[in-house]
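[1] please find the sequence and the predicted model below.
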Amino acid sequence: MRFANVRGRASLVIDSDADGGAAVDLERASAGEFPSDPMATFALWDKLRKHAASIAGGEPQPFTMHDLRAPSPRPAQVFGIGLNFRQHAVETGAEIPDSPLTFTKFASSVNAPFGEIPIGVPTADWEVELV
């Protein structure tokens, strides 16, 4: 089962490649048993896992990669891991820690795979955290 947020709706991906794929809208395929809101779907995760095969048989809709949104659009918490591989620590000139550094990030830092990122400053150091 691959869960996705397609155009703002909770969906099960049934086929995909580098350009996009096909997904079944959870609310439509379940006749309203599951919500369209991805965040509300997480509260029903165990139930979804039990019924995923029957729901995945619903009407698939095509999507492109630009239709994907953040799978968890409003997370309660976001944690980051820093200096989590030796080469990165060496590149920064930092002392290699015994264990990776952990830190929090604002929930507003979550974005869609192809979402715009407002910089708002003359210079910025890019960093990517994949969740």
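    Sure thing, it's come through. Numbers count the residues shown, from 1 in each chain.

[2] drop to CA atoms for contacts and neighbour counts, all remaining ones
    OK.

[3] run through the chain and note the low-pLDDT ranges.
    Where the chain drops to pLDDT under 70, the residues are 126-131.

[4] so which residue is dead centre in it?
    Using Cα atoms, centre = their mean, the residue of the chain that lies closest to the mean C-alpha position is residue 71, 3.3 Å off.

[5] my guess is that residue contacts residue 38. True?
    Yes. Taking Cα atoms under 8 Å as the definition, residue 71 is a contact partner of residue 38 at 6.9 Å.

[6] shared neighbours, the two?
    Shared contacts of residue 71 and residue 38, defined by Cα atoms under 8 Å, 6 or more residues apart in numbering, comprise residue 5.

[7] quick one: contacts of the longest helix seen in the chain?
    Among the segments of the chain that qualify as a helix by DSSP state H, the longest is helix 45-55. Contact with helix 45-55 is made by 1, 12, 24, 26, 29-30, 34, 41, as judged by Cα under 8 Å, 6+ apart.

[8] repeat that with 6 Å
    Here helix 45-55 makes contact (Cα atoms under 6 Å, 6 or more residues apart in numbering) with residue 29.
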